[in-house]
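**Student:** Mind folding the following:
(one chain, ligands or ions: 1)
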Amino acid sequence: MSTPEKAENTVGPVVRSEDEWRRELTPEEYHVLRQAGTERPYTGEYWDTHTAGVYQCRACGAELFTSKEKFDSHCGWPSFWAPLAEGTVRYIHDRTLGMERIEVRCSACDSHLGHVFEGEGYGTPTDQRYCINSVSLRLVPAESTEDGQAAVS
Ligand SMILES: [Zn+2]
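**Tutor:** Just a heads-up that it's a prediction; the model follows:
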């Protein structure tokens, strides 16, 4: 077997060394995904995107969020009120910067995605805001996914 690469949409543990991640990702992707960095608000690719589709993990391709749960938070980062499914992301208590926050990571490859906040009064079904870095995501527009129903725009 020559090419063990190509982990299509398999959700499962993705294990790579930090060197391998460094080779595969751009410096900015590496900084956010592997060093829990944060992109500057209003600079990311997806903060204001309304395209119907599925958001994958930029590092491993696992499907994490969909446009159906994305909402306009005007915070400068893509915001979702829920992940695609239970178990696609995992949560870690983050006490850096003197704040109690919940970090959100991809459960397949353990890459940093962003944080989740609660009770901010956004009027979404969960009143949660998954505040995710654009650089941690890759949008696959609905036409190229299997449930081709381009729902709301
Ligand atoms: Zn991942």
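**Student:** how about low-confidence regions in this protein?
**Tutor:** 1-12, 144-153 (pLDDT under 70).
**Student:** and stretch 134-145, C-alpha only, in PDB?
**Tutor:** C-alpha atoms of stretch 134-145 as PDB (Å, rounded to 0.1, in the frame of the first residue of the first chain):
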ATOM      1  CA  SER A 134     -12.300  31.300   9.600                       C
ATOM      2  CA  VAL A 135      -8.800  29.900   9.100                       C
ATOM      3  CA  SER A 136      -9.800  26.800  11.100                       C
ATOM      4  CA  LEU A 137     -12.600  26.000   8.600                       C
ATOM      5  CA  ARG A 138     -13.100  25.200   5.000                       C
ATOM      6  CA  LEU A 139     -16.500  25.800   3.400                       C
ATOM      7  CA  VAL A 140     -17.800  23.200   1.000                       C
ATOM      8  CA  PRO A 141     -20.800  24.900  -0.800                       C
ATOM      9  CA  ALA A 142     -24.000  22.900  -0.900                       C
ATOM     10  CA  GLU A 143     -23.900  22.000  -4.600                       C
ATOM     11  CA  SER A 144     -20.900  19.800  -4.000                       C
ATOM     12  CA  THR A 145     -22.200  18.000  -1.000                       C
END
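**Student:** and that stretch, which residues are buried?
**Tutor:** 134-140, 142, 145 (16 or more other CB atoms under 10 Å). C-betas here are computed from N, CA, C, even on glycine.
**Student:** So which residues make contact with the helix of greatest length in the chain?
**Tutor:** Across the chain, the longest stretch assigned as helix under DSSP state H is helix 27-35. Contacts of helix 27-35 with the rest of the structure, by CB atoms under 8 Å, 6 or more residues apart in numbering, involve 18, 21-22, 25, 37-39, 58-59, 111-113, 133, 135-136.
**Student:** between the buried residues of stretch 134-145, which is nearest Asp72?
**Tutor:** Ser134 (14.6 Å; CB to CB).
**Student:** Show me the helices in the chain, by range?
**Tutor:** In the chain, the segments counted as helices under DSSP H are 18-24, 27-35.
**Student:** could I get these as JSON lines with mean neighbour count?
**Tutor:** Output for the helices of the chain, formatted as JSON lines (neighbours: other CB atoms under 10 Å):
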{"stretch": "helix 18-24", "mean neighbour count": "12"}
{"stretch": "helix 27-35", "mean neighbour count": "18"}
